[in-house]
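Trainee: Model the structure of this input:
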Amino acid sequence: MINREGPTGAARSAPWGSPLLGPEDEKSTVRRVRVQLLLTVPLLIANLIGIAMVVVLAGFVLPGPTVFTRELLLVNSFFTPLCAALALAVGAVWGTVAGVRSMRWATDPEHVPTPAEQQVAVSAPRWMVLQQALLWTLTLTVLTVVYGVLEPALIPKVALAIGAAAIVVCANSYLIIEFALRPVTARVLAADPHRRRGIGVFGRTMLSWFVGVGVPVALTMTVAVWALADPAVSKARLAVCMLSLGGSALVFGLILMAQVVAATVAPIKGVRQALRRVEKGDLDAEITLYDGTELGELQSGFNTMVHGLRERAMIEDLFGKHVGHDVAMAAIASSQPVLGGTETEAAALFIDIIGSTTMAATLPAPEIVGILNRFFDIVVDEVERHGGLLNKFEGDAALAVFGTPVPLDDLAGSALSCGRAIQRRLRDASDLDAGIGVAAGRVVAGNVGTHNRYEFTVIGDAVNEAARLCELSKQHDERLLTSAITLDAAADSESAHWILGETVTLRGRLKPTQVALPRVSAPADESASAGLGSAEVR
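Mentor: Numbers count the residues shown, from 1 in each chain. Predicted structure coming up:
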């Protein structure tokens, strides 16, 4: 199972960029309540702030006749609060409650949203804001008409105050809705990662500038024109207007910019944290895609990149298991592998199970496979531990090479030490018995085959000699033989563990070979040496 945005508790508890949105494994009922609250409460607060903004602008900031008169007492104390309360109630029920109900499917983790459900979720921030704008527009129309009937000079003041507040509230509401619906957006993007939604990073930034700077500046310019056209506007009133509108630009601009920055930074921070995990070798890192803007494409691109890295690592691991890690790395590093080989010094270790024919005839196939797996587990473990390469498996036999493709300081000593280690471990396993032959010399190592199918292999007299010594070792209790030439090529620390034995002519070879056996104990070694004479192995 792939973890989302890291294994730590903090990352799991904030898969959508904020702890306020809850953990990913949260119960569906709790998540629905959470989304409902994150929509209703902030939007209610934003609208209350907008109402307060209208009161301050119309009552104390904008020039013109005062709204606090006896003729307007009934409107101020009853009609206007009733309109505001009604608009808030309709907005809460029509907008947030109905909106969340239409996306009830998002709380079911097993449900895959249909295209129609995806479209509803994608367009939710826009139509919720349009609902807010419609309610504010109706309120502006009704109150402007009512106040205009009672006092026509109040029309520009009321219209400007409500209009400015409506723009601020709608802009803030859009960012609030986008934030609260991130879990829903994540479900949509999980079903269709290429679906885009929202106004984008550029749109968010411009929205913040328009509301935080554009609206106050436009109001300031309007008031300035108003003051020029109306001599009744005093310098004190004009100063109050400038200071109030400048202060609102600072406050609301800061709030909106903070929201925009938070919405921009959250996905980037998630990608940065996941990149750190990848740098440490954790390829299970994956980000929950919850932003449908350009930042969502960044999240999706990261997930695609990590998926490719996982596939590459899997292929490298599988390739390495088939041909050996060193050979695999050399093949991957070479952009254009070529056929052929190079002559080099190497040591070969050939090992073959004794009695495999009888075993195949008397034991069931699953048991034979189990024996072979335990046998090759020992062989591969020791070969890799001694710096060699398990070049190929041949049924119940195997060939390991030392000194190519990765050079070794003491390739002959490494091969001999590996042979002795395998011998000891096979003796401990009472049901495993094998002959081992080790030889060192000049070989040709490289890619053999065709351009579309080849393998790394080692060819040479040392390989043939190792195979023949493996055959001969089955006739000796030590089950391990090497040649005197190989022993001479090894370091003294390793050759001290061996004794020279008989001289034989190995099958298929013209020159005689003096063999060497691992030293067990002095008396045994001497008797073994004395009992060995010259012979020809056919």
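
Trainee: Could you look up the SS state of Arg442?
Mentor: strand (DSSP: H, G, I helix; E, B strand; the rest coil).

Trainee: ditto for Thr342
Mentor: strand.

Trainee: Let me know the helix or strand that Val278 is in.
Mentor: helix 235-279 (DSSP states H and E).

Trainee: again but with Asn391, I slipped
Mentor: Counting by DSSP H and E, Asn391 is part of strand 389-394.

Trainee: buried stuff in that strand?
Mentor: Residues of strand 389-394 classed as buried: Leu389, Leu390, Asn391, Lys392 (neighbour count, 16 or more other CB atoms under 10 Å). (Each C-beta comes from the backbone N, C-alpha and C, glycine too.)

Trainee: who's in contact with it?
Mentor: Residues from elsewhere that reach strand 389-394 (CB atoms under 8 Å, 6 or more residues apart in numbering): 324, 326-327, 376, 379-380, 383-384, 398-402, 404-406, 455-458.

Trainee: Same check on stretch 262-277?
Mentor: Here stretch 262-277 has contacts from 5-6, 11, 17-18, 175, 178-179, 201, 204, 285-288, 290-291, 295-296, 298-299, 302, 306, using CB under 8 Å, 6+ apart.

Trainee: ok, back up a step: format the buried residues of strand 389-394 as TSV; extra columns: pLDDT and distance to Ala415.
Mentor: Listed next are these as TSV, based on pLDDT from 0 to 100; distance: CB to CB, whole Å:
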residue	pLDDT	distance to Ala415
Leu389	87	11
Leu390	85	12
Asn391	83	12
Lys392	84	16
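
Trainee: Which one of the residues you listed is nearest to Ser28?
Mentor: Among these, Leu390 lies closest to Ser28 (CB to CB), at 52.2 Å.

Trainee: so how far is Ala429 from the closest one?
Mentor: 18 Å (CB to CB, to the nearest Å).

Trainee: Then Gln423?
Mentor: For Gln423, the distance to Ala429 - CB to CB - is 11 Å.

Trainee: Between those two, which is the more surrounded one?
Mentor: Neighbours were tallied for Gln423 and for Ala429 using other CB atoms under 10 Å; the higher tally belongs to Gln423 (20 against 12).

Trainee: Skipping its backbone neighbours, what lies nearest the more buried one in space?
Mentor: Setting aside the residues directly before and after it, Gln423 is nearest to Leu480 in space (CB to CB, 6 or more residues apart in numbering), at 4.9 Å.

Trainee: likewise Pro193?
Mentor: Ser300 (5.2 Å).

Trainee: How about Leu372?
Mentor: Going by CB to CB, 6+ apart, Leu372 has Asp396 as its nearest residue, at 6.4 Å.

Trainee: about what we covered before: beta partners of the residue nearest to Gln423?
Mentor: Ile436 (DSSP bridges).

Trainee: just the helices in the stretch 401-538 of the chain please.
Mentor: Taking DSSP state H, counting those that start in this stretch to define them, one finds helices in the stretch 401-538 of the chain at 411-428, 461-473, 484-489, 492-495, 522-530.

Trainee: Starting from Leu44, give me the distance back to Trp498.
Mentor: For Trp498, the distance to Leu44 - CB to CB - is 88 Å.

Trainee: neighbour-wise, which of these two wins?
Mentor: Trp498 (24 against 14).

Trainee: residue contacts, the more buried one?
Mentor: Leu416, Thr482, Leu487, Ala516, Leu517, Pro518, Arg519.

Trainee: So what pairs up with it in the strands?
Mentor: Pro518.

Trainee: Relative to Gly200, how far out is it?
Mentor: Trp498 is 75 Å from Gly200, by CB to CB.

Trainee: Equivalent analysis for Val306, please.
Mentor: Applying CB to CB to Val306 and Gly200 gives a distance of 25 Å.

Trainee: So which of those two has more stuff around it?
Mentor: A side-by-side neighbour count of Val306 and Gly200, using other CB under 10 Å, places Val306 first with 21 against 15.

Trainee: okay but the more buried one is in contact with Gly281, surely?
Mentor: No. Val306 is beyond contact range of Gly281, at 11.9 Å (criterion: CB atoms under 8 Å).

Trainee: The buried residues of strand 389-394 into JSON lines, with extra columns for distance to Ala313?
Mentor: What follows is the buried residues of strand 389-394, written out as JSON lines (distance: CB to CB, whole Å):
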{"residue": "Leu389", "distance to Ala313": "20"}
{"residue": "Leu390", "distance to Ala313": "21"}
{"residue": "Asn391", "distance to Ala313": "23"}
{"residue": "Lys392", "distance to Ala313": "24"}
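
Trainee: farthest-separated two in those residues?
Mentor: Leu389 and Lys392 (9.8 Å).

Trainee: so Ser123 is in which element?
Mentor: helix 115-150.

Trainee: could you say what helices and strands that helix packs with?
Mentor: helix 28-56, helix 80-90, helix 98-102, helix 155-180, helix 182-191 (3 or more CB pairs under 8 Å, 6 or more residues apart in numbering; DSSP states H and E).

Trainee: lowest-confidence stretch among those helices?
Mentor: Looking at those, the lowest mean pLDDT belongs to helix 98-102 (a mean of 73).

Trainee: Flag every buried residue along it.
Mentor: So for helix 98-102, counting by 16+ other CB under 10 Å, buried means Gly99, Val100.

Trainee: Show residues contacting it.
Mentor: Arg32, Val35, Gln36, Leu39, Val120, Ala124, Trp127, Met128.
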